[in-house]
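Engineer: One predicted model, sequence on top.
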Amino acid sequence: MALLTLLDAHLAYGHVPLLDGTAFALDAGERVALIGRNGAGKSSLLKILAGLEKVDDGTLQLQQGISRFYVPQEPAFDPAATVFDVVGEGVAEARRLRERYERHAPGDDLDALQTRLEALGGWTWEQRVQETLATLHLDGVAAVGALSGGTKKRVALAQALVARPEVLLLDEPTNHLDLDAIAWLQGLVTDWRGALVFISHDRAFIDAVATRIVELDRGVLRSYPGAYTAYEASKARELEAEALAHARADKLLAQEEVWVRKGVEARRTRSVGRVGRLERLRAERASRRERVGQVRLELDSGLPSGKIVAELKDVSMRFDGATLIDRFSATFLRGDKVGLVGPNGAGKTTLLKLILGELQPTSGSVRRGSNLQVAYFDQLREGLDLDATLGDTISPGSEWVEVGGKRKHVMSYLGDFLFSPERANSPVRTLSGGERNRVLLARLFALPANVIVLDEPTNDLDIETLELLESLLADYAGTAFLVSHDRRFVDNVVTSVVAWEGDPAYGGRPGLWREYEGGITDWLMQRERARVAAVSAPVTTAATVPAASPPAASKSKLSYKEQRELEALPARIEALEAEQTSIAELTADPALYVSDPQRATALHRRSAQIEDELMSALERWEALASRVG
């Protein structure tokens, strides 16, 4: 039996139905990714499943005694409260019952209280909270108001985990989290024993976590077993079939309309029936909900900048005795797409401001190119007036915008970003988080710029808009600096990454930044190789190495065992690559996720293991081969 079931659900705000007679069921142990366009109603649906909102019509059925916990996009806590107290609210019932038991009044049923306390684990709720805080690396005495957005998200997750619900509901859990925190969260929810429903537009996170994808499209929920890549293939086939069916229906309707206009007398039974069919066709066409078109993105690259956008030489930046950037050198050219990667608080924004001339370095030099026209996404976000209308936000005091040398009416321009003319006069505060980001992109792209800075542009954007933004940035003639923790998005856009490498576990030092060709995946592979090399390198001390010792020989003779290992490695690498290819062919078949979802999950897990084994084998082969010469 399903843990929760939603039947024939209807929900509408204004004239647009968000849920249109749809149904949903969640089984024990499932991890469901809920996706869909911005404004489609995903957050409303999640709140309905959590019991925080009700449908206009339909029913939500729950297994008896089932517990649910909902974590919103932006958790709201009392700023003065401590982390321990906030996390302890996850066991509020156990705390309340124990206080009542300890301060019982005459006539209280202590046996019933004790039975319920034991069922909730109420006697040891403080220990549960402390264990959860330790697991999530949180300081229980810290004030919540002093925490960053990412740490507040951890506090909200700790509150959910300590409650131990059977159903966990997460709304955009990866927002505000850096790469390491996303990897941590990925492991946490993958090991979660209860059922999970989460909204996310992070495709790498969905692929790693979800056992099923459910899309909310035009008021209807559609389920797709397996990974995001399998969903994409199934969705493409569905849209193609839908387009053909609509084309056939429209052709038939047009033929019937022509028949009516010819003035045929509808007096016979056959003619009366034909008129009735025409009326039905008209009704079906009027009730059809067309798929909303794609966002049309166009970016004005302005006048070309000089060939060199910025040149940094031995740049360092220190604040209050802390080194954020230490002797960093790099040259950024016109047309480069650069990703800045690092944990929250590492200094990504500071480095950006140094590159753009908004800050001067403590030491070193920064030379900037000529004719730079910079558009900064994060600055637009800070200046967003929630009471202003969409039209005034895009083009204050004018009904026209100019993009790429073309003049467009603001209503038409908003239509390119999927906002209807009726909404042009709506205040910004009525928009969802993703819709607000679309407005910001519309405002950014209306500015002529040959250098654009996108600071976390992917938060709340739906997947389809993300893919279009990727394509736009790839074709952009100017220079782009991108700060994002969306691994797939960065990999698909950038030509290089500037990565923080101050982690001592990888041989780093405070303020160390390096530039790498490629995306986040390429950087992580190179960082892991460096870590393995550092760990496997022999440790030497001044006492064991003579002061005037000559450089060690780069090559040494292999032992018999190492020689045999080197000879066997190519065959092992070939076998692993063949197995990986075979698994890729199997998992590309959508039928596998329907007929045997457990095998599909096991194959994906094995594919990840093969990737690690391949990396180790290649590194070992490289190390041995370099000694042979």
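Structural biologist: Alright, I've got the coordinates. Residues are numbered from 1 along each chain as shown.
Engineer: mind checking the end-to-end distance for stretch 172-181?
Structural biologist: With C-alpha to C-alpha, to the nearest Å applied, stretch 172-181 spans 14 Å between its terminal residues.
Engineer: Give me the buried positions along that stretch.
Structural biologist: The neighbour-count check on stretch 172-181 (16 or more other C-beta atoms under 10 Å) flags 172-179, 181 as buried. Any C-beta I mention is one placed from the backbone N, CA and C, and that applies to glycine too.
Engineer: Tell me the one of those residues nearest Leu216?
Structural biologist: Nearest to Leu216 out of the buried residues of stretch 172-181 is Glu172 (C-beta to C-beta; 14.4 Å).
Engineer: List the residues that contact that closest one.
Structural biologist: By C-beta atoms under 8 Å, 6 or more residues apart in numbering, the contact set of Glu172 is 73, 199-201, 433, 459-460.
Engineer: That one and Thr135: what is the separation?
Structural biologist: Glu172 sits 22 Å away from Thr135, taking C-beta to C-beta, to the nearest Å as the criterion.
Engineer: Tell me how many other residues surround Lys54.
Structural biologist: A count of neighbours around Lys54, defined by other C-beta atoms under 10 Å, yields 12.
Engineer: Is it correct that it falls within a helix?
Structural biologist: No - using DSSP: H, G, I helix; E, B strand; the rest coil, the assignment for Lys54 is coil, not a helix.
Engineer: how much space is there between it and Thr581?
Structural biologist: Taking C-beta to C-beta, one finds Lys54 at 50 Å from Thr581.
Engineer: wait, Leu3 sits on Glu166?
Structural biologist: Yes - between Leu3 and Glu166 a contact is recorded at 6.1 Å, counting by C-beta atoms under 8 Å.
Engineer: List the buried residues for stretch 62-73?
Structural biologist: Buried-residue list, stretch 62-73, by 16+ other C-beta under 10 Å: 62, 68-73.
Engineer: Nearest to Ala160 among these?
Structural biologist: Distances from Ala160 to the buried residues of stretch 62-73, taken by C-beta to C-beta, are shortest for Phe69, at 4.4 Å.
Engineer: before we move on, what SS does that closest one have?
Structural biologist: strand.
Engineer: can you give me the strands for the stretch 501-629 of the chain?
Structural biologist: 513-517 (DSSP state E, counting those that start in this stretch).
Engineer: low pLDDT regions in it?
Structural biologist: Across the stretch 501-629 of the chain, the ranges flagged by pLDDT under 70 are 505, 530-531, 533-558, 560, 590, 593-594, 628-629.
Engineer: Now do the helices in it.
Structural biologist: For the stretch 501-629 of the chain, the helices defined by DSSP state H, counting those that start in this stretch occupy 520-536, 560-587, 591-595, 597-628.
Engineer: so which of these comes closest to Gly29?
Structural biologist: Of all the helices of the stretch 501-629 of the chain, helix 597-628 comes closest under C-beta to C-beta, at 10.9 Å.
Engineer: in the closest one, what counts as buried?
Structural biologist: Across helix 597-628, burial judged by 16+ other C-beta under 10 Å covers 600-601, 603, 607, 610, 614, 617, 620-621, 624.
Engineer: And stretch 559-568, by the same measure?
Structural biologist: Buried residues in stretch 559-568, defined by neighbour count with 16+ other C-beta under 10 Å: 562, 566.
Engineer: and if you look at stretch 334-349?
Structural biologist: Within stretch 334-349, the residues scored as buried using 16+ other C-beta under 10 Å are 334-343, 346-349.
Engineer: Could you check how far Leu161 is from Pro173?
Structural biologist: Distance of Leu161 to Pro173, given as C-beta to C-beta: 12 Å.
Engineer: quick one: the helices in the stretch 351-500 of the chain?
Structural biologist: 377-382, 390-394, 410-416, 433-445, 463-475, 487-493.
Engineer: Return the mean pLDDT over the first one, rounded to an integer.
Structural biologist: Put plainly, it is helix 377-382. Mean pLDDT, computed over helix 377-382, is 61.
Engineer: By neighbours, which of the contacts of Glu172 wins?
Structural biologist: Comparing the contacts of Glu172 by number of neighbours (other C-beta under 10 Å), His201 comes first, having 27 neighbours.
Engineer: Nearest spatial neighbour of it, chain-adjacent residues omitted?
Structural biologist: The spatially closest residue to His201, leaving aside those adjacent along the chain, is Ile463, at 5.1 Å (C-beta to C-beta, 6 or more residues apart in numbering).
Engineer: correct me, but that neighbour touches Asp202?
Structural biologist: No - if you go by C-beta under 8 Å, Ile463 and Asp202 don't touch, sitting 9.0 Å apart.
Engineer: So between the two, which is more surrounded?
Structural biologist: Asp202 (27 against 22).
Engineer: Can you name the residues that contact the more buried one?
Structural biologist: 174, 182, 458, 486-488.
Engineer: Pretty sure Thr521 sits against Asn492.
Structural biologist: No - between Thr521 and Asn492 there is no contact under C-beta under 8 Å: 10.5 Å.
Engineer: So for those two, which sits in the more crowded spot?
Structural biologist: Neighbours per residue, other C-beta under 10 Å: of Thr521 and Asn492, the larger number sits with Asn492, 17 against 14.
Engineer: I figured that one was touching Leu472, is that so?
Structural biologist: No - look at Asn492 against Leu472 with C-beta under 8 Å: they stay out of range, at 11.5 Å.
Engineer: Just the pLDDT at Met1, thanks.
Structural biologist: Residue-level pLDDT assigned to Met1 equals 68.
Engineer: then stretch 418-425 to CSV, C-alphas only?
Structural biologist: In CSV, the C-alpha atoms belonging to stretch 418-425 read as follows (Å, rounded to 0.1, in the frame of the first residue of the first chain):
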residue,chain,number,x,y,z
LEU,A,418,6.9,33.4,-21.2
PHE,A,419,5.1,36.2,-19.4
SER,A,420,1.6,36.9,-20.8
PRO,A,421,0.5,40.6,-21.5
GLU,A,422,-1.9,40.3,-18.6
ARG,A,423,1.0,39.8,-16.1
ALA,A,424,3.0,42.8,-17.4
ASN,A,425,1.2,45.0,-14.8
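Engineer: Can you point out the buried residues in that stretch?
Structural biologist: So for stretch 418-425, counting by 16+ other C-beta under 10 Å, buried means 418-419, 423-424.
Engineer: In TSV: these, plus distance to Ser363 and pLDDT.
Structural biologist: Converted to TSV, the buried residues of stretch 418-425 look like this (distance: C-beta to C-beta, whole Å; pLDDT from 0 to 100):
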residue	distance to Ser363	pLDDT
Leu418	48	70
Phe419	48	76
Arg423	51	74
Ala424	50	76
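Engineer: Need these in a markdown table (columns: distance to Ala195).
Structural biologist: What follows is the buried residues of stretch 418-425, written out as a markdown table (distance: C-beta to C-beta, whole Å):
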| residue | distance to Ala195 |
| --- | --- |
| Leu418 | 33 |
| Phe419 | 36 |
| Arg423 | 36 |
| Ala424 | 41 |
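Engineer: Could you identify the most distant pair in those residues?
Structural biologist: Leu418 and Ala424 (12.3 Å).
Engineer: give me the low-pLDDT residue ranges for the stretch 201-350 of the chain?
Structural biologist: Those would be 236-243, 245-247, 249-253, 255-306, if you go by pLDDT under 70 across the stretch 201-350 of the chain.
Engineer: mind listing the helices for it?
Structural biologist: Under DSSP H, counting those that start in this stretch, the stretch 201-350 of the chain gives helices at 203-209, 228-261, 269-287, 348-356.
Engineer: Tell me, how many residues neighbour Ile583?
Structural biologist: 16.
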